[in-house]
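Visitor: Quick check, what structure comes out for this input:
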Amino acid sequence: MLRPRPTALLALVLLPAALALAGCTGNRSLAGILRNSGVTSTPDEFMVLPTRPLEIPQNLAELPPPTPGQPNRVDYQPQRIAVAGLTGREAPPGTASAAPLLARMGPIDPQIRAKLAVEDADYRSVSHGLFFERMFSRDKLEMMYRPMILDPGPVYEEMRARGVKVSPPPPSALENN
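Guide: Numbers count the residues shown, from 1 in each chain. Take a look at the predicted model:
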C-alpha cells in the first residue's frame, strides 16, 4: 500500500488554510483598500481632472472681465480637445467658414426632433432584423441601424472626388481601408 509523503500531506493541509486566511483582512472599507494599495492621502481634484496652469499677467489690469456662465479659461474643455483631435487643428466655437454653410442650408426646422422621432419609430417598427439576431443580439439599435452606418474612409474619398472642400481626416479614419 502506498503511503502519502509527509510533504504532500503538509501541502494538502497548509494550502487550504493559507487560502482561507488570505481573505481575512482587517479593513474592507474603500479607504482601507486604498491605504493597503499605497494611497495614503485623500484624493486631490487637481490630480483627477487635468487643468492648464494658472496664468498671472504682469499687469493685473490686463485681466479680462469676469464672464458669469462662461467656462473658465483654464478649465478642461473636452469638446475643443475633441475637435482638435478629429480635425488636427483647434477651431473656435463659431468659425467664419460656418456662416456661409448655415446660410446655404436655410433656417432650422423647429419640428425636426418630432419628425425624426416619428420617422425613427416607423423605421424600427418595419425593421425587425433576422430571427437569430433578434433572439441573441444584445444591441438591437446597432442591429437595426447597421445598414445606415457610414464608413468614413470611402465617404471622405467620395466627397473629395466630387470637389467638396473637406478638412483632412484623422489618420485612423483612412487606415481601415
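Visitor: Please count neighbours and contacts with C-alpha atoms only from this point.
Guide: Will do.
Visitor: burial count for residue 157?
Guide: 14 (other CA atoms under 10 Å).
Visitor: Helix or strand: which one has it?
Guide: Taking DSSP states H and E as the definition, residue 157 sits inside helix 152-161.
Visitor: can you map out the helices along the protein?
Guide: All helices of the chain, identified by DSSP state H, fall at 6-22, 30-36, 45-48, 78-87, 98-105, 112-126, 131-136, 140-145, 152-161, 171-175.
Visitor: which regions of this protein sit below the pLDDT cut-off?
Guide: Counting by pLDDT under 70, the chain shows low-confidence ranges at 1-4, 21-51, 91-96, 129-130, 132-134, 137-139, 170-177.
Visitor: Just give me the neighbour total for residue 169.
Guide: 15.
Visitor: Setting aside sequence neighbours, what's the nearest residue to it?
Guide: In this structure, residue 169 finds its nearest non-sequential neighbour in residue 87, 6.1 Å apart by CA to CA, 6 or more residues apart in numbering.
Visitor: separation between that neighbour and residue 81?
Guide: As for residue 87, its distance to residue 81 is 10 Å (criterion: CA to CA, to the nearest Å).
Visitor: same thing with residue 65?
Guide: Between residue 65 and residue 81 the computed distance is 25 Å (CA to CA).
Visitor: neighbour count winner among those two?
Guide: residue 81 (14 against 7).
Visitor: how close does the more buried one sit to residue 61?
Guide: 30 Å.
Visitor: Hmm, residue 128 is touching residue 144, no?
Guide: Yes: taking contacts as CA atoms under 8 Å, residue 128 lies within contact range of residue 144: 7.0 Å.
Visitor: So for the two, which sits in the more crowded spot?
Guide: Neighbour totals were compared for residue 128 and residue 144, and residue 144 leads with 18 against 13 (other CA under 10 Å).
Visitor: Just to check, the more buried one is in contact with residue 126?
Guide: No: contact between residue 144 and residue 126 fails when scored by CA under 8 Å: they sit 9.8 Å apart.
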